[in-house]
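Chemist: task: produce atomic coordinates for the following.
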Amino acid sequence: MTQSPYSVVRLLPKAKPQVIRHGFPWVFSNELVLDRRTKGATAGSLVVLEDAERRPLGLGTINPASKIAVRMLDFDPDAVIDEAWFRTKIARALQHRDAIYSEPFYRLIHAEADGLPGVIIDRFGDVAVIQPNAAYAEAMLDMLVAALIDVTGVSTVIKNGTGRARSLEGLDEEMIVVHGEAPKGPVPVKMNNATYMADVMGGQKTGLFLDQRPNHAFAAGLAKGGRMLDVFSHVGGFSLAALAAGASSSLAVDGSEAALELARAGAEATGVADKFETRKGDAFDVLESLGEAGETFDVVVCDPPAFAPSKPTAEKGLRAYERVARLAAPLVKDGGYLVLCSCSHAADLKRFRDASARGIGRGGRRSQLVYTGQAGPDHPLLPQLAESGYLKALVFRL
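Modeler: As a prediction, this is how the structure comes out:
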């Protein structure tokens with residue numbers, strides 16, 4: 001019998017190995033035997049995970065400094081993690097995206113749900129942006145990039161090594177071009193008959209929020225012939241889709257002038273600049289001032305950043321979502337629609353829905369819930385991992 005080249009780590013007797021066998025991809029530090037050898041393991045190194053009875057559960061990667069101590073990579077303990085392994089994962093993911101999109105603008109790898117824990121890859125035509133948010137992905141980045149280029153043929157690969165997830169893994173922040181040349185300006189991205197401008201080197205996340213695509217489309221259908229208010233608009237996600245679908249006008253509100261500049265460029269590229277207006281300011285202040293002015297709109301959209309990024313912040317975040325709904329509800333015409341979104345995995349769908357309904361009621365309105373949306377199919381859910389289903393979009397008719 002050939003000896004495994006990998007170190008072995010073991011679950012504590014109190015841990016439940018069946019959840020790993022059923023596909024849960026994480027082992028927390030309080031579930032693992034943390035002896036001196038395990039604590040001294042190199043972050044990102046490969047390990048065979050065993051249950052308390054010394055039965056192998058699969059091959060994972062360890063980071064003793066992280067709350068998520070082991071991330072499962074392969075349920076075959078003898079798997080070889082090399083460039084060919086990465087190619088297989090990426091090719092499988094690409095097959096799915098090719099089946100649902102006619103143009104190469106999508107999330108190609110959605111972390112655990114695509115079998116690459118902690119790895120995000122968004123594709124904007126010939127440009128790919130990688131977020132290696134786990135120690136193993138950082139250590140194996142050369143293999144990952146080579147496999148990505150081989151499978152997709154992209155000419156530019158950008159590493160976006162920023163954000164909270166990397167800090168939790170103990171990784172440094174870094175934004176660099178790892179293959180090809182940086183784009184000269186924002187990258188045009190076509191979705192829902194609109195053209196968006198993605199700042200892949202300096203924008204939020206990878207430059208564009210691709211996850212809202214189906215919710216943009218649904219709201220756009222409601223806005224035909226009407227006025228839209230798009231609050232927390234970023235680069236005009238809901239606005240541009242609505243204008244492309246025939247909305248009479250849209251006002252986009254955001255605290256970032258850089259994002260609004262990209263939104264205006266997108267409106268120009270889409271051919272709807274004459275119907276598009278922007279306002280820089282604090283979203284809550286703008287909502288209050290519009291209410292005081294007696295403004296109303298056919299569709300009001302509020303798509304804020306994550307108010308509840310972790311369990312300790314959940315209650316405070318839910319109060320913020322409720323406040324958004326309370327301020328936005330009076331701005332919706334009778335029979336119009338209010339779109340409320342949350343990207344906080346710590347605020348589950350029921351709690352977010354309840355907070356939104358309370359806010360609408362406190363805003364003096366009655367409502368019907370007519371649509372519940374989630375991230376698009378290029379952001380698949382891993383059924384065993386609730387965190388992979390973070391996005392919620394609720395549409396109320398008031």
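
Chemist: which residues lie in contact with residue 335 in this structure?
Modeler: 397-398 (C-beta atoms under 8 Å, 6 or more residues apart in numbering). Just so you know, the C-beta spots here come from the backbone N, C-alpha and C atoms, and that holds for glycine as well.

Chemist: then residue 27?
Modeler: So residue 27 contacts 11, 15, 20, 49, 60, 68-72 (C-beta under 8 Å, 6+ apart).

Chemist: and those, which two are furthest apart?
Modeler: Within the contacts of residue 27, 15 and 71 form the most distant pair, 15.3 Å apart (C-beta to C-beta).

Chemist: where in the stretch 101-250 of the chain is pLDDT low?
Modeler: Applying pLDDT under 70 to the stretch 101-250 of the chain flags no residue at all.

Chemist: of the contacts of residue 27, closest to residue 198?
Modeler: Among the contacts of residue 27, and counting by C-beta to C-beta, the member closest to residue 198 is residue 71, at 28.3 Å.

Chemist: need the three-state assignment for that closest one.
Modeler: Reduced to three states with DSSP: H, G, I helix; E, B strand; the rest coil, the structure at residue 71 is strand.

Chemist: that one reaches residue 136, doesn't it?
Modeler: Yes: if you go by C-beta atoms under 8 Å, residue 71 and residue 136 touch, sitting 7.3 Å apart.

Chemist: mutual contacts of these two, please.
Modeler: By C-beta under 8 Å, 6+ apart, the residues touching both residue 71 and residue 136 are 61, 63, 117-118.

Chemist: out of those, which are buried?
Modeler: Buried subset of the shared contacts of residue 71 and residue 136 (neighbour count, 16 or more other C-beta atoms under 10 Å): 61, 63, 117-118.

Chemist: between residue 15 and residue 71, point out the one with more neighbours.
Modeler: Comparing residue 15 with residue 71 by other C-beta atoms under 10 Å, the one with more neighbours is residue 71, at 24 against 18.

Chemist: where's residue 294 relative to residue 227, distance?
Modeler: Residue 294 sits 14 Å away from residue 227, going by C-beta to C-beta, to the nearest Å.

Chemist: out of these two, which sits in the busier spot?
Modeler: It is residue 227, of residue 294 and residue 227, that has more neighbours when counted by other C-beta under 10 Å, with 20 against 8.

Chemist: check contacts around the more buried one.
Modeler: Per C-beta under 8 Å, 6+ apart, neighbours of residue 227: 247-251, 297-299.

Chemist: next: residue 125.
Modeler: Contacts of residue 125 by C-beta under 8 Å, 6+ apart are 103-105, 187, 189.

Chemist: at 7 Å what do you get?
Modeler: Contacts for residue 125 (C-beta atoms under 7 Å, 6 or more residues apart in numbering) come out as 104-105, 187.

Chemist: cool, residue 200 as well?
Modeler: Taking C-beta under 7 Å, 6+ apart, one finds 124, 127, 129, 158, 183, 187, 206-207 in contact with residue 200.

Chemist: the spatially closest residue to residue 373 that is not a sequence neighbour bridge partners, please.
Modeler: Spatial nearest neighbour of residue 373, excluding adjacent residues (C-beta to C-beta, 6 or more residues apart in numbering): residue 393 at 3.7 Å. Beta-bridge partners for residue 393, by DSSP bridges, are residue 341, residue 373.

Chemist: so what's the residue most central in space within the chain up against?
Modeler: The centre of the chain sits closest to residue 211, judged by C-alpha atoms, centre = their mean, with a distance of 6.3 Å. By C-beta under 7 Å, 6+ apart, the residues touching residue 211 are 375-376, 379, 391.

Chemist: I'd like to know how many residues surround residue 226.
Modeler: 18.

Chemist: one more: residue 327?
Modeler: By the criterion of other C-beta under 10 Å, residue 327 has 23 neighbours.

Chemist: now swap in residue 271 and tell me
Modeler: 12.

Chemist: also residue 274?
Modeler: When neighbours are counted by other C-beta under 10 Å, residue 274 registers 10.

Chemist: equivalent analysis for residue 279, please.
Modeler: For residue 279, using other C-beta under 10 Å, the count is 16.

Chemist: please apply the same query to residue 104.
Modeler: 19.

Chemist: show me what contacts it?
Modeler: Contact analysis of residue 104 by C-beta under 7 Å, 6+ apart lists 123, 125.

Chemist: sorry, back to before: most neighbours, which of the contacts of residue 211?
Modeler: Busiest of those [other C-beta under 10 Å] is residue 375, holding 24 neighbours.

Chemist: that one against residue 392, yeah?
Modeler: No: Residue 375 is beyond contact range of residue 392, at 9.3 Å (criterion: C-beta atoms under 7 Å).

Chemist: tell me the contacts of residue 382?
Modeler: If you count contacts by C-beta under 7 Å, 6+ apart, then residue 382 has 25, 112-113, 388 around it.

Chemist: ok so residue 299 is a strand residue?
Modeler: Yes: the assignment for residue 299 is a strand, going by three-state DSSP.

Chemist: what pairs with it across the strands?
Modeler: Beta-bridge partners of residue 299, as defined by DSSP bridges: residue 228, residue 337.

Chemist: correct me, but it touches residue 221?
Modeler: No: using C-beta under 7 Å, residue 299 is not in contact with residue 221; the gap is 9.8 Å.
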